[in-house]
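# make a model of this:
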Amino acid sequence: MRMYAVLKTCSITPLVRNADALVKASRKILGDNATFGVMRHTFMKQFCAGETEDDLRPTIDLLRANGIGAIIDYAAEDDVDTTAAKPAASADKPSPSSATTDGAGSSNSPGVAAADAGQLPADLAGAVAVGRTYSYVTEAVCDKHVGIFLKAIDTVAKLPGQGFAAIKVTALGSPQLLERMSAALLEIRSLFRAADADGDGFVDADEFASLYKQLFPTAQPDRVERAFKTLDLEGNGKVDVISWSHRIHLADMPAMVERIKKHGSKSPLSVELCSVALTREEVQLAEALLKRVAKLAAAASATGVKLMIDAEHTYFQPAIDHTTHVLSLTYNKAEPVIFNTYQAYLKGSYERVLEDMERARREKYIFAAKLVRGAYVSLERARAVKLGYESPIWDNIQQTHSNYNKCLEAVLDEVAAHKAQIMVASHNQDSIERTVAGMAARGLSPNGSGVYFGQLLGMSDNLTFKLGQNGYQAFKYVPYGPIDLVMPYLVRRAHENSSIMGAAVTKQMEMLRHELLRRIKHPLAPGGLFNRQSPTTVSHAA
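You can find the predicted model right below:
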């Protein structure tokens, strides 16, 4: 009954749209005891395992009994006014410098770090931990977030079985910096497109010379030739976008700008490059960001834990991708540690998957991906309208489904070649069935093949439990934390269920209706209204 009521509430759009305001009003008028009492027995029971580590035991035991791993997610967040620590780019005040990314994005609600991830009981076998993310305030706060994530990794490492920890890069560096990095990285790719005069996907020596002359009209031929050779290390006489973007570094940009200002032109190309290039101070901050993430990667690698890098808004994503690529060069050699996230609702995501797999082949590391459909459709579309560029989101859900399937099939082929691993993070039954069928067709075993499945606690239990009971490596996100600090997470979960999980919710509600009717018609049968004994496995949310 609870599950049906909660999911039905999530389908009432006006209620969900104003959920945050309604909760705040309830706390002000009715008080925290009444408000938290209702939330504790409805949304929290549905989407969280409890408030303390001890509360996790029944959920973890149930999952373990059904062959399911748990991603332990300390979901506490401080629901505060963020005016003192605004991200640089938001839905209200986007930055035009990064208006046209082809990355993927998902971000949690802003907030300030409220609590420590803490320690979990040592007998919660097969569990995995996630450090919740918070908005940037200072470099010192970012360093503190490293400590939270390290404790999450340490918790995972102490538990038997494969472990995952998940992080968001916005917890480890300024959103302003990430947006600036993303704009600069996009400009590097834009320079490639400008140089590729014939549009064949390669820049040869003559095309490079033409571009170089636009920036430095008086450059001597031998200098142009030397510059091209730094890109064409293989001596092929041409470079593609992968080599180009890998060999022009963010750290090189300040010196390039200084040289343009001193010896270069004032062409539109030069003006644009100078406007988006990082300053020397920003390069230092970017290096500090990379060191923080590298510290987490090293800790994860040393303890056998896999690190999932969450996707965020499109105006942060190029910087996040860059970070994961750099770390993959070191930590994804024999066994992948770094998993990047790809959102299939973005128009450029399939091409991005193909490019990143090719990059991994060239650099001889294992490609590792978490594949999701995506969140914040409304935010990305509204931002595109406000800045006047094409929406990065597919026009309809069927296009997203089709793109998800294309990405999935491409990565499964790479898994079968022992060159990739994937976390299929989806509540869509067709996607799960396609993955299972694809594994069988490629001779990939349910366990140990490098294919993992992930769903949220309280969602699509029918899929997760079926996977676990049949030997597939299935995981549930299991959030916990004090009710007053978990409230923002619960409000966000209601939004996500309403906006991006419509089909999954509809399917689950249909199954719940059938089960409720069965219990009413047969009250004395196992699982009936007057007989709580279950004839089969009862899920966490039943």
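
# list the strands paired with the helix or strand hosting Ile72, with their directions.
Using DSSP states H and E, Ile72 sits within strand 68-74. Using DSSP bridges, the strands paired with strand 68-74 are strand 127-131 (parallel), strand 473-480 (parallel).

# pick out the shakiest of these, pLDDT-wise.
Here the strands paired with strand 68-74 differ in mean pLDDT, and the lowest is strand 127-131 at a mean of 45.

# can you list contacts of stretch 262-281?
Around stretch 262-281, the neighbours that count as contacts under CB atoms under 8 Å, 6 or more residues apart in numbering are 97, 180-181, 183-184, 186-187, 190-191, 194, 211, 214-218, 250, 253-254, 256-257, 260-261, 286. Yep, even glycine has a C-beta here, placed from its N, CA and C like the rest.

# just the strands in the chain please.
68-74, 127-131, 163-167, 203-204, 238-239, 305-309, 338-343, 367-372, 420-425, 451-456, 473-480 (DSSP state E).

# just the mean pLDDT for the first one, thanks.
This predicted structure assigns strand 68-74 an average pLDDT of 74.

# ok, now how distant is Lys24 from Lys45?
Here Lys24 is placed at a distance of 21 Å from Lys45 (CB to CB, to the nearest Å).

# more crowded one of those two?
Using other CB atoms under 10 Å as the criterion, Lys24 and Lys45 rank with Lys45 on top: 17 against 14.

# where exactly do the helices run in the stretch 101-250 of the chain?
Here the stretch 101-250 of the chain has its helices, by DSSP state H, counting those that start in this stretch, at 139-157, 175-195, 205-215, 221-231, 241-247.

# I'd like to know which elements the third one is packed against.
For helix 205-215, the elements it packs on are helix 175-195, helix 221-231, helix 268-276, judged by 3 or more CB pairs under 8 Å, 6 or more residues apart in numbering; DSSP states H and E.

# so which of the ones you listed is nearest Tyr404?
With CB to CB as the measure, helix 175-195 is the member of the helices and strands packed on helix 205-215 nearest Tyr404 (23.7 Å).

# and the gap between the nearest residue to Lys261 once chain neighbours are set aside and Leu191?
Computed as CB to CB, 6 or more residues apart in numbering, the closest residue to Lys261 that is not its neighbour in sequence is Cys274, at 7.0 Å. From Cys274 over to Leu191 the distance is 13 Å, taken as CB to CB.

# what does Gly199 give?
15 Å.

# higher neighbour count, the two?
Taking other CB under 10 Å, Gly199 and Leu191 do not tie; Leu191 has more neighbours (20 against 7).

# check the nearest residue to that one once chain neighbours are set aside and give its pLDDT.
Closest residue to Leu191 apart from its sequence neighbours, by CB to CB, 6+ apart: Leu211 at 6.8 Å. pLDDT for Leu211: 95.

# please begin residue numbering at 615 from this point
Okay, residue one is now 615; in that scheme the one you just asked about reads as Leu825.

# how about Leu825, what does it touch?
805, 808-809, 817, 883.

# try it again at 10 Å.
Residues in contact with Leu825 (CB atoms under 10 Å, 6 or more residues apart in numbering) are 805-806, 808-811, 817, 838, 842, 883.

# among these, which one sits closest to Leu960?
Phe806 (20.3 Å).

# could you measure the spatially closest residue to that closest one that is not a sequence neighbour against Asp846, distance?
Sequence neighbours aside, Trp858 is the residue nearest to Phe806 in space, at 4.6 Å (criterion: CB to CB, 6+ apart). Distance from Trp858 to Asp846, counting by CB to CB: 10 Å.

# overlap in contacts, those two.
817, 822.

# please say which of the two ends up with more neighbours.
It is Trp858, of Trp858 and Asp846, that has more neighbours when counted by other CB under 10 Å, with 21 against 18.

# go ahead and confirm that one touches Ala808.
No - applying CB atoms under 10 Å, one finds Trp858 not in contact with Ala808, separated by 11.3 Å.

# my read: Ile923 touches Asn946, true?
No - counting by CB under 10 Å, Ile923 does not reach Asn946; the two are 11.8 Å apart.

# give me the neighbour count for the nearest residue to Asp924 once chain neighbours are set aside.
Closest residue to Asp924 apart from its sequence neighbours, by CB to CB, 6+ apart: Lys782 at 4.7 Å. Using other CB under 10 Å, Lys782 is surrounded by 24 other residues.

# can you check the one 5 residues further on too?
Other residues within reach of Gly787, judged by other CB under 10 Å, total 25.

# for Asp634, same thing?
Neighbours of Asp634 (other CB under 10 Å): 17.

# likewise the one 10 residues further on?
Neighbouring residues of Leu644 were enumerated by other CB under 10 Å; the total is 13.

# with the one 5 residues further on instead?
A count of nearby residues for Thr649, using other CB under 10 Å, gives 21.

# gap between the nearest residue to it once chain neighbours are set aside and Arg631?
Nearest residue to Thr649, sequence neighbours excluded (CB to CB, 6+ apart): Ser640, at 4.3 Å. Distance, Ser640 to Arg631, by CB to CB: 16 Å.

# over to Ile643?
According to CB to CB, Ile643 and Arg631 sit 20 Å apart.

# show me where pLDDT drops low in the stretch 615-764 of the chain?
615-627, 629-630, 667, 687-752 (pLDDT under 70).

# go with 90
615-642, 644-647, 649-764 (pLDDT under 90).
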